[in-house]
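Colleague: Starting from these lines, generate the structure:
(one chain, ligands or ions: 1)
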Amino acid sequence: MYLTKEEERAYDGEFGWAKQVCMRILVKLGELFDARKLIPIESAHVSGVSYKTLGEAPTDFLEALASSGEKISVEATLNPQSFDPQYLRKRLPENLVRTQLKLCGFFDELGFMRSFTCTPYYIKAPRKGAHLAWAESSAVVYANSVLGAWTNREGGPSALAAAIIGKTPDCGIHRALNRKPNVLVRVEQPPKNEIEYGALGIFLGKILEDKIPLIKGLKNPTAEDLKQLGAALGSAGMVNMFHYRDGATKTGKLERITVEPKNVMETIAELSTVTSSKPKPDLVFVGCPHCSVNEIRKIANVVVNKKVRDNTEFWVCTSCHVKETSKEHVRKIEASGAKIITDTCAVVTWTDKLGIKTIMTNSAKTAHYAPTLNKADVILAPLKECLKTALKE
Ligand code: F3S
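Modeller: Modelled structure (predicted):
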């Protein structure tokens, strides 16, 4: 792999231990995936911030990096952590909160923005064609497929190294040739709502491995529909991008897959572990991936002058940035008794420690993970039904 003189000096440790170890991570990765060089990135986004999902193992490494005095060299954001400052912090065991705060402190030392969101593109959308080193699968798929930026799916350590060095190996879908679709997916019936988009993503994620699909048959999807599709594709498999626009590319010799309506319906049924026609969830959770301003507005318009049912929690998860820019809608939502939860989400916090056994959600990604990561039963239902269940008649 070709390194510039400056990169070589960093690799050899001339600029200190932290830069050296970061260069070594990037070069090792580059060699594994046949990169010829490193390329500059516009931004980095680091996952594995929540203590719940990160665990103990990488804490020493983070601490050593933080105490080296090294800083990030490009704009760099963080994925959700494990609690929000307003509601969950005081309900979780003190030792978990303390360790999470310590981890966040390490990222502060390194200069990261305290974004704590899986939708960093709502804070600042990357430029079309910009190279990034992002590590949250839902954000990776959205950036590549909807925003037209270029990023591989980084792991936490490689995104961290890229944030410090400001570069990433020139491999995978940083190369134009590797961004072309290699499978044509024909959807027989356009998905009608966000759970059908999500279920389509889970169904395809399981069979596509790391292929890049050109998906035909979606009818005027909204940006939020595509966010659900991408988040599900990324969680059920290794898909990092999809094409969906008409005329995106020639489709001559591609492998072909047809998705029948029953494939989507069966996936929804499989994702829901509760089958009752009158489900009684402890938690109704929307905002996976974190809500956009548009989604917050939509929810506010329905909940205004209504109240959340007794014995039901209703969480709307988003970033503090979106909360800050949606003050009037936030006021309406909170007046109903619903909670706008920032900085975290139901999956990366300890819902089991909050006594939550059944979660209703409109996110196929959450439905995919919650039975294992939250030890919870799941009801997957569109926003309309989630709101109906959460609110008093
Ligand atoms: Fe984001 Fe949590 Fe879903 S991190 S993508 S809201 S699982």
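Colleague: What segments of the stretch 151-300 of the chain are strands?
Modeller: Under the criterion DSSP state E, counting those that start in this stretch, the stretch 151-300 of the chain carries strands at the ranges 167-169, 183-187, 213-216, 255-259, 283-286.
Colleague: Please list the outside residues in contact with the third one.
Modeller: For strand 213-216, the external contacting residues (Cβ atoms under 8 Å, 6 or more residues apart in numbering) are 181, 183-187, 204, 239, 242-244, 246, 248-249, 251, 254, 257. Every C-beta, even on glycine, is put in place using the N, C-alpha and C of the backbone.
Colleague: and the ligand, which of the strands of the stretch 151-300 of the chain is closest to it?
Modeller: Counting by Cβ to the nearest ligand atom, the ligand lies closest to strand 283-286 out of those; the figure is 8.8 Å.
Colleague: who in the stretch 251-393 of the chain is up against the ligand?
Modeller: Proximity of the stretch 251-393 of the chain to the ligand, by Cβ under 6 Å from any ligand atom, involves residues 288-290, 317, 345, 347-348, 365-366.
Colleague: Just give me the neighbour total for the residue nearest to N79 when sequence neighbours are not counted.
Modeller: Beyond its immediate neighbours in the sequence, the residue positioned closest to N79 (Cβ to Cβ, 6 or more residues apart in numbering) is S47, lying 4.3 Å away. In terms of burial, S47 registers 25 neighbours under the definition other Cβ atoms under 10 Å.
Colleague: if I pick S47, what's in contact with it?
Modeller: S47 is in contact with 79, 135-136, 155-156, 159, counting by Cβ under 8 Å, 6+ apart.
Colleague: how much space between it and S137?
Modeller: Applying Cβ to Cβ, to the nearest Å, the value for S47 to S137 is 8 Å.
Colleague: Likewise for A223?
Modeller: On the measure of Cβ to Cβ, A223 and S137 end up 18 Å apart.
Colleague: And these two? Which one has more around it.
Modeller: Using other Cβ under 10 Å, the more surrounded residue of A223 and S137 is S137, with 26 against 13.
Colleague: Once you drop chain neighbours, what's closest to that one?
Modeller: In space, and not counting its chain neighbours, S137 is closest to G234: 3.2 Å by Cβ to Cβ, 6+ apart.
Colleague: Relative to the ligand, which residue of the stretch 51-200 of the chain is the closest?
Modeller: Across the stretch 51-200 of the chain, the shortest distance to the ligand (Cβ to the nearest ligand atom) belongs to C118, at 3.1 Å.
Colleague: Let's have the residues of the stretch 251-393 of the chain next to the ligand in JSON lines, adding pLDDT and neighbour count.
Modeller: Below are those laid out as JSON lines (pLDDT from 0 to 100; neighbours: other Cβ atoms under 10 Å):
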{"residue": "C288", "pLDDT": "98", "neighbour count": "28"}
{"residue": "P289", "pLDDT": "98", "neighbour count": "29"}
{"residue": "H290", "pLDDT": "98", "neighbour count": "30"}
{"residue": "C317", "pLDDT": "98", "neighbour count": "30"}
{"residue": "C345", "pLDDT": "98", "neighbour count": "29"}
{"residue": "V347", "pLDDT": "98", "neighbour count": "26"}
{"residue": "V348", "pLDDT": "98", "neighbour count": "28"}
{"residue": "K365", "pLDDT": "98", "neighbour count": "29"}
{"residue": "T366", "pLDDT": "98", "neighbour count": "30"}
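Colleague: how's the protein carved up into domains?
Modeller: According to automatic domain parsing, the chain comprises the domains 5-176, 180-268, 283-390.
Colleague: related to what we said a few turns ago, got JSON lines for the strands of the stretch 151-300 of the chain, with mean pLDDT and mean neighbour count too?
Modeller: What follows is the strands of the stretch 151-300 of the chain, written out as JSON lines (pLDDT from 0 to 100; neighbours: other Cβ under 10 Å):
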{"stretch": "strand 167-169", "mean pLDDT": "98", "mean neighbour count": "27"}
{"stretch": "strand 183-187", "mean pLDDT": "97", "mean neighbour count": "20"}
{"stretch": "strand 213-216", "mean pLDDT": "96", "mean neighbour count": "21"}
{"stretch": "strand 255-259", "mean pLDDT": "96", "mean neighbour count": "14"}
{"stretch": "strand 283-286", "mean pLDDT": "98", "mean neighbour count": "27"}
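Colleague: which other residues reach stretch 88-107?
Modeller: Among residues not part of stretch 88-107, those counted as contacts by Cβ under 8 Å, 6+ apart are 46, 49-52, 54, 59, 62-63, 65-66, 78, 81-83, 114, 341, 344, 349-350, 353-354.
Colleague: just the buried members of those?
Modeller: Under a neighbour-count criterion of 16 or more other Cβ atoms under 10 Å, the subset of the contacts of stretch 88-107 counted as buried comprises 46, 49-52, 54, 62, 65-66, 78, 81-83, 341, 344, 349-350, 354.
Colleague: Where helices are concerned, which of the residues you listed count?
Modeller: Using DSSP state H, the subset of the buried ones among the contacts of stretch 88-107 located in helices is 51-52, 54, 62, 65-66.
Colleague: Out of the residues you listed, which one has the weakest pLDDT?
Modeller: Taking these together, the minimum pLDDT is found at L54 (88).
Colleague: Was I right to think that residue contacts L78?
Modeller: No. Checked against Cβ atoms under 8 Å, the pair L54 and L78 is beyond contact range at 11.5 Å.
Colleague: Looks to me like T117 is in a helix.
Modeller: No. Note on T117: no helix contains this position according to DSSP: H, G, I helix; E, B strand; the rest coil, which reports coil.
Colleague: how about the residues of the stretch 1-150 of the chain that lie near the ligand?
Modeller: Remark: the part of the stretch 1-150 of the chain in contact with the ligand comprises 79-80, 118, 138, using Cβ under 6 Å from any ligand atom.
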